[in-house]
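Asker: coords please:
(2 chains)
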Amino acid sequence: MATSAHTLAAPARARTAAGSATLRRKQGFQHGGWFVAPFLLLFAVFVIWPLLRGVYLSFTDANITGEGASFVGLDNYREALDDPLVWDSLGHSAYFTLLVVPCITVLAFLLAMLAHHIERGKWLWRLCFFAPFLLPSTVAANLWQWLFNPGTGMIDHVFGLQTPWLTDKSYAMLAIVITTLWWTVGFSFLLYLAALQGIPDHLYEAARLDGANAWHRTVHITLPMLRTITGLVIALQVLASLQIFDQAVVMMDFLPGPEGSTRTFVQYTLEEGFTSYRVGYASAISVIFFVIIAAVALARMWLLRNVKETTR
Amino acid sequence: MGRPDLNRRQLLGGLGGLFVASSFGFAALGTGADALASDADTRVRYWNLFSGGDGSNMIAMLDAFREANPDIAVKDSTLQWGSPFYTKLAMAAAGNRAPDLGVMHLGRVTGFAPGRLLDPWDVGLLAKYGVREQDYNPTLWKRGVIDGKLYALPLDIHVQLCFYRKDVLKKAGLLGDDGRIVPVTSTDEWFDVLKEAKRATKKGLQTIGMWNADQNFQWWFFVAFYTQLGGTWFNAADTEVTFDTDKAVQVLRFLRRHVTDGYSDPGFGGLASAEQFINGSPFVWEGNWSVPVYSGAKLDYGATPLPPVFGKQATHAESHAFVLPHQSDRGGAANEAAHRLAAYVVQHARQWAAGGHIPAYTPTLSTAAYKKLDPQSEYVSAMDHQATEPKVWFAGSTGILAQRVGPLVVSSTMGSAKPETAADRMKRALTQLLATKNPMDGKTAAEGGAV
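Answerer: Purely as a prediction, here's the structure:
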């Protein structure tokens, strides 16, 4: 009897619990909903709607004036797959990503280690490494445009070189990569620094007692403890680097670089949309790009899930 | 259930409403103040893309017009040069918020949907204010005519020039009795000149700056020399590519030879071309807009059209032209005032010549005042030998043609592609562009381009 009463009572309790949860949810929406409404409205107007509209436009031959667009089905996509410049510019963005991501990850880690372990003037190092990140892209790009000036620029001057950094296709992308490293490494540096500070001291202490030297402590404690943050840094950098645009166009004076060697995917989209006025086509290639970026983001989530499962 | 926040909400709502209302009020105040600023009857809104020296010259000409025509208020806006300007102009015309008068590069007019985004000029009205077809170089005037109607009224032409340092050339014995560079009529003669000039050049400086790495300049030079060879782009109906790869190879080899023979240093292939010239490098090929820069630096220099090394005079020319952006209700006083303003500026363009441009209104060129301008009077003949891009929708300054083909010229000059390869690629790019539909009307160049 007691058991049955117990079993009978349980669903009832559960029901009331569920009821109050819906109630809370309802009330929650009444209050919370209004708080997020302004955001949702802006999000819908400036993100969701343009996104849907862009997908729609990609099936039309719309031009910049917004007049007289007609439905062309998959023509734009068919053309994009055949357009050598699509692949070219995609290749440039990917190449940039391949160069930047490993460099920035390693450099940010090394700088963070340096700033973490250095005893005197800690704040100065942190400031120095992080400060460039606060600059707008145009400022950083213009600055480096001057530094890279052949012959008279500081880089050539200091190293006694005369390198056509920005005018030769074998150097141009490299120059953009160096600029980007200097400009954005501060962000990843900060992530690493925070993570370093979060590693409990007793781990190192125990290791030291067991006779581990600095190298062992780094390899067997620091690096494993930073695994999650490294995953985050790489993921964020890949996503940001694929969308490379502003520093490249500013450094190349809004042209696609020597022999088109720094024309990135975003830049090509802009060219098609706003120089050739082919908004429909530009929409189609940005949808393609969107799919690629989304695929990268999903791949990352999938990888992380696997990592979590193995560490569990 | 009490609603303690109701009042606050009402308050917030009220404040928001007040804010919106007041911003409308300020906006109204703004336009009101604008109109009140002058007691003129007619207002002309005029968009242009001139900054720097050109910008101040344009403003001086507008001020002169304002003084001569106090009944017309000119409201001029300067927008950023290049693609953003055209985008704004196109969207304004499509949205029926277009200014009464605008400026464009002549080469872009064909692609700018004349008849839809642009309104034609009233030639009779222009004549009334003193500008007629016979005042123009006939080829230049015709470039503004599409389907028999005038859509662009040229203000100037701006050309690619061969700037030379008189001090260096004198040392090299390359100046004639008139103090100008000795005439050159073949590639051999030209490289002989460079050889002599190189001997007289200070160490560490290149002999000629030719923007080897700049896709715009290299493209403009290519157009000039390709035209000297009599090369063509498309057939008359724009159905076939007539681009002559043999001729193109000749031009590309010629450009490349400056680098391989050591006259032009790829390391100084950008803006450094101009800097080197100021420092004493004997030659630079560049646009006439550098005249104020070199005159300002007090250099002893001259400037001729690009040398006719393939036997015929021709140098690349583009043109700033006045246009009437489309207004569905174009007409009336503002439209007439736009005609009057454009006609006035075209006829009073001597100020404009200070920026190096050659005024399109030919009577200006034969005035004594213009003949006194140096080096402008030295290259004025370029008006009669213009090499221009084909008249198709994808041509024109910073247009898609230059963006596609320019880098190919650079690849040959810089040595990363053989001239033959680059020429083939150019032909392929031209073929692709000819098949591309103009986004403005969905027609290819052959189907009538933009009209």
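
Asker: for B:S366, the count of nearby residues, please.
Answerer: 9 (other C-beta atoms under 10 Å in any protein chain shown). C-beta: built from backbone N, CA, C; applies to glycine.

Asker: swap that for B:Q215, please
Answerer: Residues near B:Q215, counting by other C-beta under 10 Å, number 24.

Asker: residues in contact with it?
Answerer: A:255-256, A:259-260, B:402-403, B:406-407, B:409-410 (C-beta atoms under 8 Å, 6 or more residues apart in numbering or on different chains).

Asker: give me the element the nearest residue to it once chain neighbours are set aside is part of.
Answerer: In space, and not counting its chain neighbours, B:Q215 is closest to B:G406: 3.2 Å by C-beta to C-beta, 6 or more residues apart in numbering or on different chains. Using DSSP states H and E, B:G406 falls within helix B:400-413.

Asker: mind listing residues that contact that helix?
Answerer: With C-beta under 8 Å, 6+ apart, helix B:400-413 has contacts from A:256, A:258-260, A:271, A:275-276, B:210, B:212-216, B:218-219, B:221-222, B:252, B:255-256, B:258-259, B:389-390, B:392, B:394-396, B:417-419, B:421-423, B:425-426, B:429-430, B:432-433.

Asker: try it again with 6 Å
Answerer: Helix B:400-413 is contacted by residues A:259-260, A:275-276, B:212, B:215-216, B:218-219, B:222, B:252, B:255-256, B:394-395, B:417, B:419, B:422, B:425-426, B:429 when judged by C-beta atoms under 6 Å, 6 or more residues apart in numbering or on different chains.

Asker: just how off-centre is that helix within its chain?
Answerer: Distance of helix B:400-413 from its chain centroid, counting by C-alpha atoms, centre = their mean, to the nearest Å, is 18 Å.

Asker: for it, what is the average pLDDT?
Answerer: For helix B:400-413, the mean pLDDT works out to 92.

Asker: return the residues of the stretch 351-451 of chain B in contact with chain A.
Answerer: Residues of the stretch 351-451 of chain B lying close to chain A by C-beta under 6 Å from any C-beta of the partner chain are B:400, B:407, B:410-411, B:439-440, B:442.

Asker: which of those residues are buried?
Answerer: Using 16 or more other C-beta atoms under 10 Å in any protein chain shown as the burial test, these include B:400, B:407, B:410-411, B:439-440 as buried.

Asker: what's the most distant pair in the residues you listed?
Answerer: Pairwise distances across those (C-beta to C-beta) peak at 30.3 Å, for the pair B:S411 and B:M440.

Asker: what residues of stretch B:331-350 count as buried?
Answerer: Across stretch B:331-350, burial judged by 16+ other C-beta under 10 Å covers B:334-350.

Asker: hang on, the earlier thing: restricted to strands, list the contacts of helix B:400-413.
Answerer: Among those, DSSP state E puts none in strands.

Asker: make a ChimeraX selection of the buried ones in those residues.
Answerer: To isolate the buried members of the contacts of helix B:400-413 in ChimeraX, using 16+ other C-beta under 10 Å:
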select /A:259,260,275,276 /B:212,215,216,218,219,222,252,255,256,394,395,417,419,422,425,426,429
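
Asker: so which of the contacts of helix B:400-413 are in helices?
Answerer: B:215-216, B:218-219, B:222, B:252, B:255-256, B:419, B:422, B:425-426, B:429 (DSSP state H).

Asker: mind putting those residues in JSON lines, pLDDT and distance to B:G173 included?
Answerer: Shown next, in JSON lines, are these (pLDDT from 0 to 100; distance: C-beta to C-beta, whole Å):
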{"residue": "B:Q215", "pLDDT": "90", "distance to B:G173": "36"}
{"residue": "B:N216", "pLDDT": "91", "distance to B:G173": "34"}
{"residue": "B:Q218", "pLDDT": "95", "distance to B:G173": "30"}
{"residue": "B:W219", "pLDDT": "96", "distance to B:G173": "34"}
{"residue": "B:F222", "pLDDT": "98", "distance to B:G173": "31"}
{"residue": "B:L252", "pLDDT": "98", "distance to B:G173": "31"}
{"residue": "B:L255", "pLDDT": "98", "distance to B:G173": "26"}
{"residue": "B:R256", "pLDDT": "97", "distance to B:G173": "27"}
{"residue": "B:P419", "pLDDT": "97", "distance to B:G173": "32"}
{"residue": "B:A422", "pLDDT": "97", "distance to B:G173": "36"}
{"residue": "B:R425", "pLDDT": "95", "distance to B:G173": "41"}
{"residue": "B:M426", "pLDDT": "97", "distance to B:G173": "38"}
{"residue": "B:A429", "pLDDT": "93", "distance to B:G173": "43"}
